[in-house]
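Novice: A structural model of the following input is requested.
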Amino acid sequence: DFSLTGFIGAARSENRYDKTGAATQGGLIVPNYYSIENSLQKPSATTYASWTRTNSVFGMASLGYKSTLFVEVTGRQDWFSTVSKPIFYPSVTASYVFSNSFKSLPSWFSYGKIRAGWAQVGNDASAYVLKTYPVVNNLFHGTPNYGVPDTQNNPNLLPEIKETKEAGIDLQFFNSRLSLGFSVYDILSKDLILSLPVDAANGYTYKNINSGEMSNKGFEITLSATPVQTDKFGWYIDWNFSKNINKLTKLYPGLGRYRVTGDYYGTVNLYAIEGRPFGEIYGGNYIYDEQGNRLIDDEGNYFISSQKEVLGNINPDFTTGLTNTLTYGNLSLSFTFDYSHGGSYYAGPYALGMYAGTIRETVENGMRERDPNGPNGQKGLVLDGVVGHKQADGTIVSTGVKNTKAISPKQHGTTFYKGNEAQSVFDATFLKLRSVSLTYDVPLTETKYIKGLNITLSGYNLWTGALAWDGMDPETAMYNQGMGN
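Specialist: Numbers count the residues shown, from 1 in each chain. Below is the predicted model:
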């Protein structure tokens, strides 16, 4: 009636990274001949190398009763080279296959299981953050030149810890041709590694520390179905839906907010603020009246908030995906659609394009057409909103009068660079054809050396739709001079 399995083991993993680079200085001797040897002045060279190591011991024990009740316990200890102390993290999971406890079940019900678990996982830091090393600068008139880095490292740095609680249920129907799974989770990340801003009088502007806690709570639904299955043809469907809510529950004492990152041009920032959801974008915003109208100044431009405000959050409200797989004989066609709803992203290329006048939005509605009576001899554009008035105390009030003043495209474009960043923040919703693959299983006789052979043609990210601005994929914002998830 009882079963017991387990194992113990040990492992060592190493990660080595080497980078060598060189760049021309002062231009090229021969135009359009791109070679380091063609540098007008002495070329510069850079090198970087890192080496990290993790030693681990681990074990697992699983106890089962009548193939119905299972309890599994694991333990792992890691010695990271990048933090000061080793970390031990355990896990406990339990599951109950309740369908095995009933002798008589409806013919349409195949399987049922409930499960719950608790686990901890450790995470190390990047290389060389325990000691503070001098910065080796370029030679100064042939003399070695050393400096102090901006960040002070920490010899007492600890690993980050992620604690997860999860529970769920798995159901199967109609001889397992329909499967349904539901999970809820609560994840708490502790001892987060931060580069804390410090007074420059200490000789550094940042210091690496352990501080902060972040909570992630949510649920996930999975569904698998086989609508059609014959000797030659099969149709298989896999669907998932997930929603996550996060919050930074604890930061560093006395630190109101922490700048995580910024966009390429330094116009918007992503701040972590205690008690707030993680992933909020801060930048210059519109000013609104009580009716929600944008306020416009006497020059025809939008009033801009004096302080950086929340413009959106990079995290989606929910995500879902659908995969269809069709098989016929030795052929298989599979395609996956992903949908992400909500969230926001800052489009750096849009802001730059509006500022420079190089994207199609700068010619909409004929705003650049010649008009001797228009601003700068052009038709211009009239911003949507109502006229506001700035009072002596600095407050801005609405006059209630709809704006009718036209401004030139160039005048409007100047507000996109380090001005009203809200103009370049878009809804990050998208529908994407994530992947398509066509596979042919070559009919071969199995031998000692050949177990099978298939030929696959695959494509990824082939189409994206449902976009608020079709000039950019929201998933690429962070890597394309903007900010997103």
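
Novice: Mind listing residues that contact the longest helix along the chain?
Specialist: The single longest helix within the chain, with elements called by DSSP state H, is helix 348-356. Contacts to helix 348-356, defined as C-beta atoms under 8 Å, 6 or more residues apart in numbering, come from residues 263-265, 267, 358-359, 361-362, 412-414, 416-417, 421, 423-424, 426, 469, 471-472, 477, 480-483. Glycine gets a C-beta too; all of them are placed from N, C-alpha and C.

Novice: Report all helices and strands that the lowest-mean-pLDDT helix or strand in the chain contacts.
Specialist: Of all the helices and strands that make up the chain, strand 135-140 has the lowest average by mean pLDDT, DSSP states H and E, namely a mean of 80. The contact analysis (3 or more C-beta pairs under 8 Å, 6 or more residues apart in numbering; DSSP states H and E) places strand 135-140 against strand 143-147.

Novice: ok, back up a step: so how far is the longest helix of the chain from its chain's centroid?
Specialist: 23 Å (C-alpha atoms, centre = their mean, to the nearest Å).

Novice: likewise stretch 30-38?
Specialist: The answer for stretch 30-38 is 38 Å, by C-alpha atoms, centre = their mean.

Novice: what is the mean pLDDT for it?
Specialist: Average pLDDT, stretch 30-38: 94.

Novice: what's in contact with that stretch?
Specialist: Contact with stretch 30-38 is made by 22-24, 28-29, 43, as judged by C-beta under 8 Å, 6+ apart.

Novice: Show only the entries of those found in helices.
Specialist: Judged by DSSP H, helices contain none of those.

Novice: hey, where'd the strands end up in the stretch 101-250 of the chain?
Specialist: In the stretch 101-250 of the chain, the segments counted as strands under DSSP state E, counting those that start in this stretch are 109-123, 135-140, 143-147, 151-152, 160-173, 178-190, 193-197, 206-210, 213-229, 233-250.

Novice: what's the fourth one packed up against?
Specialist: Judged by 3+ C-beta pairs under 8 Å, 6+ apart, strand 151-152 is in contact with strand 206-210.

Novice: Just want the angle from the strand it packs on to strand 193-197.
Specialist: If you take axes from the mean of the first three to the mean of the last three C-alpha atoms, to 10 degrees, strand 206-210 sits at 140 degrees to strand 193-197.

Novice: What pairs with strand 206-210, parallel or antiparallel?
Specialist: strand 151-152 (parallel), strand 193-197 (antiparallel) (DSSP bridges).

Novice: what sits up against that strand?
Specialist: Residues contacting strand 206-210 (C-beta under 8 Å, 6+ apart): 125, 129, 150-154, 157-158, 160, 191-198, 252.

Novice: how distant is that strand from the center of its chain?
Specialist: When C-alpha coordinates are averaged (C-alpha atoms, centre = their mean), strand 206-210 and its chain have centres 23 Å apart.

Novice: ok, now stretch 440-457?
Specialist: 38 Å.

Novice: Same question for stretch 100-113.
Specialist: 41 Å.

Novice: Would you mind listing the buried residues in that stretch?
Specialist: 110-113 (16 or more other C-beta atoms under 10 Å).

Novice: related to what we said a few turns ago, ok, the next helix or strand after the longest helix of the chain: who's next to it in the sheet?
Specialist: Sequence-wise, the next helix or strand downstream of helix 348-356 (DSSP states H and E) is strand 386-390. Strand 386-390 pairs in its sheet with strand 295-296 (parallel), strand 396-402 (antiparallel), by DSSP bridges.
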